[in-house]
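Undergrad: Structure for the following, please:
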Amino acid sequence: MKRLIAIAALSMSLAAQAENRIAVSAGESLHRDASNFYRAAFQYKMSDNVFNTDYTLVEAYLDLAASVWNHSDDVLVVSVSPVLRIKPQHIGSDFKPFIDVGVGPAYVSETTYGNRDLGQHLQFENRIGLGVEHGNKALSVNAFHYSNAGLADENAGTDWIVGTFSVEF
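TA: Numbering: from 1, shown residues only. Take a look at the predicted model:
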């Protein structure tokens, strides 16, 4: 938990230097092993208009994160993921829905997690999320999958369901 607080403090100091986002997340494993997931991220906005139609706007941000998988022993994860945020345009409400999708490399401090053999330290973080923005804040529910993409003989991977709160600065 001390690691997570230090990570959050570092992320907040980075976020104060730019108009981007800080995000904190918590969740649990989908493998029924009573594992917890904690995450702090700095989200650097790369573009607010990657793709634009009359109905859809696609933004891009770079998610720089540190996570802790908590089971019998903690596993520290550091990841960098480009993420696309897809939003409908011209919503007549202050609450704006979105979908996040992203894939990027992740380093895990241990190659085993509980009874799962991850095969190697290099993993790939895949995500999809559904959420809603209101002003400079957002709430979302995300599914994360970590896997080595078959680069090692063992590739058990791990899956998480996570709630995220973010604030734009």
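Undergrad: ok, what's across the strand from residue 98?
TA: Legend: beta-bridge partners of residue 98 under DSSP bridges are residue 131.
Undergrad: Any idea how many residues pack against it?
TA: Neighbourhood size, residue 98 [other Cβ atoms under 10 Å]: 19. Just so you know, the C-beta spots here come from the backbone N, C-alpha and C atoms, and that holds for glycine as well.
Undergrad: and it, what does it touch?
TA: 85-87, 130-133, 138, 140 (Cβ atoms under 8 Å, 6 or more residues apart in numbering).
Undergrad: Buried members of those residues into PyMOL, please.
TA: Paste this into PyMOL to select the buried members of these, with burial taken from 16 or more other Cβ atoms under 10 Å:
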select buried, resi 85+87+131+133+138+140
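Undergrad: Could you verify my assumption that residue 76 touches residue 40?
TA: No: between residue 76 and residue 40 there is no contact under Cβ atoms under 8 Å: 11.7 Å.
Undergrad: More neighbours: which of these two?
TA: More crowded of residue 76 and residue 40, by other Cβ under 10 Å: residue 40, with 23 against 15.
Undergrad: The more buried one pairs with what?
TA: The partner residues for residue 40, given DSSP bridges, come to residue 24, residue 66.
Undergrad: For it, give its distance to residue 155.
TA: Distance, residue 40 to residue 155, using Cβ to Cβ, to the nearest Å: 27 Å.
Undergrad: Next: residue 127.
TA: 18 Å.
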